[in-house]
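Q: model the following, please.
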Amino acid sequence: MMDASQHESTKSEAAKAEPRRRSFAVTAAACAVFGAAMLGAAFASVPLYKLFCQVTGYGGTTQRAETAPAVPSEKTIIVRFDANVANGIGWAFRPEQRQIKVRLGEVAKVNFFAENRTGAESSGQAGFNVQPDSAGRFFNKIACFCFNSQTLKAGEKVEMPVTFFVDPAILEDADNRFTDTITLSYTFYPSAEAKPAPLASNDATNSGKPL
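A: Below you'll find the model as predicted:
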């Protein structure tokens, strides 16, 4: 049995511990809220989010490079191409070829074709990613139509090239050392520069699906 003095001591210790527990809970909650707010702010900020994606390859984001490695690897990889258009742009968009095989570190150039099927000039910006997502940090673009907004006159057809290479360092990555195929995907969206672009009467695209 606990005597009176022990009982009082226990109550005293419990009383002292309670404020500490409340303080810890408040601090933990504050840290959680602050962390969530900072994360939200970072992802709400387009430049910070883009930087995060470029550094980590998050979401299949590709990299930009000035030059390729001096000596390509003998290892090859297949690169597939996917072209899409979002609702509201009224363009046709497709790759010249569906896939190519390249050596790692080898500079390759492929063409995409876009056509404005509306009766007015309009602008679009190509969003892009690669699959698998983890391969994004090894996919390097030297030149690409996706770096800038594109403007097409009514009925205009244009060739849009992209120059790239796949970094041989992919062979040293635990998640990608056995990757033999990468898919490069583009989707054209109406850009802020775009003017109202009514669809031509015979336009059967603008579905947000691959052409």
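Q: quick one: residue 151 from residue 190, how far?
A: 11 Å (C-beta to C-beta, to the nearest Å). Just so you know, the C-beta spots here come from the backbone N, C-alpha and C atoms, and that holds for glycine as well.
Q: more neighbours: these two, which one.
A: residue 190 (21 against 16; other C-beta atoms under 10 Å).
Q: which stretches of this protein form strands?
A: With DSSP state E, the ranges of strands along the chain come out as 63-64, 76-85, 91-95, 99-103, 108-116, 122-131, 139-144, 150-152, 157-166, 181-190.
Q: kindly reformat the ones you listed as a markdown table containing distance to residue 173.
A: Shown next, in a markdown table, are the strands of the chain (distance: least, C-beta to C-beta, whole Å):
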| stretch | distance to residue 173 |
| --- | --- |
| strand 63-64 | 14 |
| strand 76-85 | 13 |
| strand 91-95 | 26 |
| strand 99-103 | 17 |
| strand 108-116 | 20 |
| strand 122-131 | 14 |
| strand 139-144 | 12 |
| strand 150-152 | 33 |
| strand 157-166 | 12 |
| strand 181-190 | 13 |
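Q: and of those strands, who's closest to residue 172?
A: strand 157-166 (13.0 Å; C-beta to C-beta).
Q: can you list the strands of the chain in CSV and add distance to residue 175 and mean pLDDT?
A: Listed next are the strands of the chain as CSV, based on distance: least, C-beta to C-beta, whole Å; pLDDT from 0 to 100:
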stretch, distance to residue 175, mean pLDDT
strand 63-64, 16, 65
strand 76-85, 15, 97
strand 91-95, 26, 98
strand 99-103, 20, 97
strand 108-116, 23, 98
strand 122-131, 13, 94
strand 139-144, 14, 94
strand 150-152, 33, 97
strand 157-166, 14, 96
strand 181-190, 13, 96
